[in-house]
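Undergrad: what's the 3D shape of this:
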Amino acid sequence: MASSKNQGSSLLLQVLLQFNIWFYVFFFVAFQATFLWKGYMLPYTQAAWYGEYFGVWILSGVEVFRIYFAMRGNLTATVFSMTMANVFAVATILTHVFYLVWQTYVLRIESILLVVALVCEGLELVLGVFAALSFNAAVKFHRRAAAD
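TA: Alright, predicted model coming up:
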């Protein structure tokens, strides 16, 4: 008889996702406040300010879907949801890098928030890839055991 190999969800990934929910609320509010301040106090071109400002709104929408798919995939141990979360994580990481490097004006508080976001999402991406791989291995194991 084959031994039972049951792969559960990743506790560390779930803790990081819970932290990231609260951090991202703070991140979004702080980023909106800094953009409003920069719009009034710094000589922005109108197109650049609107592009960067609404880019944060789009980033927030993608971040909500990323966290949703990551939590769903982790708690239900499904490969598809974890894969979608990892794809969204790559997109949000690239957007954070854009705001850190190529934004018109970068304030120190924005740099700190972006670095924390990059570290958290980088860890979540690595843990998400490992979780998806382990979920996939568990599915293959159960299919092979059922065939025997």
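Undergrad: report the central residue of the chain.
TA: Nearest residue to the geometric centre of the chain (C-alpha atoms, centre = their mean): Ala89, 4.3 Å.
Undergrad: that one against Ile67, yeah?
TA: No: between Ala89 and Ile67 there is no contact, the gap being 9.7 Å when judged by C-beta atoms under 8 Å. Where C-beta positions appear, they are placed from N, C-alpha and C, glycine not excepted.
Undergrad: where does pLDDT dip in the protein?
TA: Within the chain, the stretches with pLDDT under 70 are 1-7.
Undergrad: switch the cut-off to 90
TA: For the chain, the stretches with pLDDT under 90 are 1-9, 44, 136-148.
Undergrad: do you know how far the closest residue to Glu52 other than its chain neighbours is from Met84?
TA: Spatial nearest neighbour of Glu52, chain neighbours left out: Gln103 (6.0 Å); criterion: C-beta to C-beta, 6 or more residues apart in numbering. From Gln103 over to Met84 the distance is 27 Å, taken as C-beta to C-beta, to the nearest Å.
Undergrad: so the residue nearest to Glu52 makes contact with Tyr53?
TA: No: in terms of C-beta under 8 Å, Gln103 does not count as a neighbour of Tyr53; the distance is 10.8 Å.
Undergrad: now do the lengthiest helix in the chain: which elements does it pack against?
TA: Using DSSP state H, we find that the single longest helix of the chain is helix 108-147. On a contact count with 3 or more C-beta pairs under 8 Å, 6 or more residues apart in numbering; DSSP states H and E, helix 108-147 meets helix 11-41, helix 46-76, helix 79-101.
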